[in-house]
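Asker: Following is a predicted model, sequence given first.
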Amino acid sequence: MTETHDRFAGVGGEIDDLFTVSAPLLARGKRLRAAFLAAGWRVFSGEPLAAAEVRAGSGLEIFQLAALVHDDLMDGSLTRRGLPASHRRFTALHEERGMISDPEHFGAAGAILLGDLLLVAASADLHAAIALLDPARYASSAALVETMMAEVTIGQYLDIYAQSAPWSDDPAVELDRARRVIRSKSARYSVEYPLRLGAAMAGASAAESDAIGTVGLPIGEAFQLRDDVLGVFGDPHVTGKPAGDDLREGKRTVLVTLGMTLAGPAERDTLRRALGRADLGPAEVDRVRRILTDTGAQAQVEELIAERLATGRAAIDALGADPEDAARLRHLADAAVTRTH
């Protein structure tokens, strides 16, 4: 983003807002996607990271923030990474400066434009990185980048569609929808595609890319399932988001879907009334937590997380990678899934 800022510095001081809002959010990222890209590179190259891989990792992190900025606006989230969500920050700037027009509209517009600018910066980093590769590696890497970006957008639409669709009487339909959102919106771009991109940049064959993909998808699913648990049960002082934020946003997660399936009529009605309520208070969040615990929904999700992680770890063993590289990848997988924020 520094290059983008410097390129347009002469336009006027107003554009500094785009960078002062995004910079602290970028600084607080986990760098998870960059780490998985590096792991995929090492498994198939056995060499330290070069300039191309470092820049590609930067592009992935900026791309994630672009997705989060738009996601927070769509969900009406108040915070991100312990800071005000970008649309809330732009709204606050409007109010602090005594600007005219509607501050909420200004905040939403600012977030849309910031997300777009971040997407441009991410694309620039990713394409500059893979441009350093030979033609064969460039072709496979470019295809992955384009697929990843398109799939996240599609996954986001699946997510907002799920939040608005009537509940199905068939629990299997709801669970399938929740799992499809996980795969398309988060699991693949968080873990599988970074691993595949690192492998492609190292010159991995199609078969080798598929092999590391079998590592990435289950670990990515476990990663997002953990995120869903934290969205309801996480400590806000650790997660940087208010307790029960996923409930207020009406997220149809696997956790919530299992709760709806396992709950009795009265509890199911409580869950339905709680989902999507922006004014959901602490006592009501605690009531939903008890339902998700008492019905066994939380325990089932924990079992699913453990199963997905075990599947991913077994796939790491099957890679036949250098023991040190395999151990590094296992450690990264464990850290992604057992995190508390």
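Answerer: Sure thing, it's come through. Numbers count the residues shown, from 1 in each chain.

Asker: quick one: the helices in the stretch 151-300 of the chain?
Answerer: Per DSSP state H, counting those that start in this stretch, the stretch 151-300 of the chain has helices spanning 171-181, 193-201, 206-233, 236-239, 245-248, 254-262, 265-274, 282-294, 297-318. These are given in chain order.

Asker: gap between the third one and the chain center?
Answerer: Distance of helix 206-233 from the chain centroid (CA atoms, centre = their mean, to the nearest Å) equals 11 Å.

Asker: cool, and the first one?
Answerer: A distance of 18 Å separates the centroid of the chain from that of helix 171-181, by CA atoms, centre = their mean.

Asker: closest to residue 89 out of the helices of the stretch 151-300 of the chain?
Answerer: Evaluated with CB to CB, the helices of the stretch 151-300 of the chain place helix 245-248 nearest to residue 89, the distance being 17.1 Å. C-beta coordinates here come from the backbone N, C-alpha and C atoms, glycine included.

Asker: Show residues contacting that closest one.
Answerer: Here helix 245-248 makes contact (CB atoms under 8 Å, 6 or more residues apart in numbering) with 76-79, 228, 231-232, 242, 253, 256, 274-278, 280, 285, 288.

Asker: Stretch 265-276 now?
Answerer: Under the criterion CB under 8 Å, 6+ apart, external residues in contact with stretch 265-276 comprise 163, 167, 247-252, 256, 259-260, 263, 280, 284-285, 287-288, 291, 295.

Asker: how about low-confidence regions in the protein?
Answerer: For the chain, the stretches flagged by pLDDT under 70 are 1, 10.

Asker: tell me the contacts of the residue nearest the centre of it?
Answerer: A centroid search over the chain (CA atoms, centre = their mean) returns residue 186, at 4.9 Å, as the residue closest to the centre. Contacts for residue 186 were tallied using CB under 8 Å, 6+ apart; they are 155, 220, 223-224, 227.

Asker: Pretty sure residue 292 sits against residue 253.
Answerer: No: judged on CB atoms under 8 Å, residue 292 makes no contact with residue 253 at a distance of 10.2 Å.

Asker: quick one, which of those two is more surrounded?
Answerer: More crowded of residue 292 and residue 253, by other CB atoms under 10 Å: residue 292, with 27 against 23.

Asker: Who are the contact partners of the more buried one?
Answerer: 232, 255-256, 259, 298.

Asker: ok, so what distance separates residue 274 from residue 268?
Answerer: Between residue 274 and residue 268 the distance is 11 Å, computed by CB to CB, to the nearest Å.

Asker: Ok, residue 192 next?
Answerer: Between residue 192 and residue 268 the distance, using CB to CB, works out to 34 Å.

Asker: Equivalent analysis for residue 173, please.
Answerer: 16 Å.

Asker: quick one, which of those two is more surrounded?
Answerer: Under the criterion of other CB under 10 Å, the comparison of residue 173 against residue 268 puts residue 268 first, with 17 against 13.

Asker: follow-up on the earlier one: reformat the helices of the stretch 151-300 of the chain as CSV; add distance to residue 118.
Answerer: Putting those into CSV (distance: least, CB to CB, whole Å) gives the following:
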stretch, distance to residue 118
helix 171-181, 22
helix 193-201, 17
helix 206-233, 20
helix 236-239, 22
helix 245-248, 22
helix 254-262, 28
helix 265-274, 33
helix 282-294, 31
helix 297-318, 29
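
Asker: Most tightly packed of those helices?
Answerer: When those are scored by mean count of other CB atoms under 10 Å, the highest mean neighbour count falls to helix 193-201 (a mean of 29).

Asker: I'd like the distance from that one to the chain centre, please.
Answerer: Computed by CA atoms, centre = their mean, the separation of helix 193-201 from the middle of its chain amounts to 17 Å.

Asker: correct me, but residue 70 touches residue 111?
Answerer: Yes: if you go by CB under 8 Å, residue 70 and residue 111 touch, sitting 7.2 Å apart.

Asker: what's next to stretch 231-239, contact-wise?
Answerer: For stretch 231-239, contacts defined as CB under 8 Å, 6+ apart pick out 230, 241-247, 251, 253, 255-256, 285, 288-289, 292, 298, 340-341.
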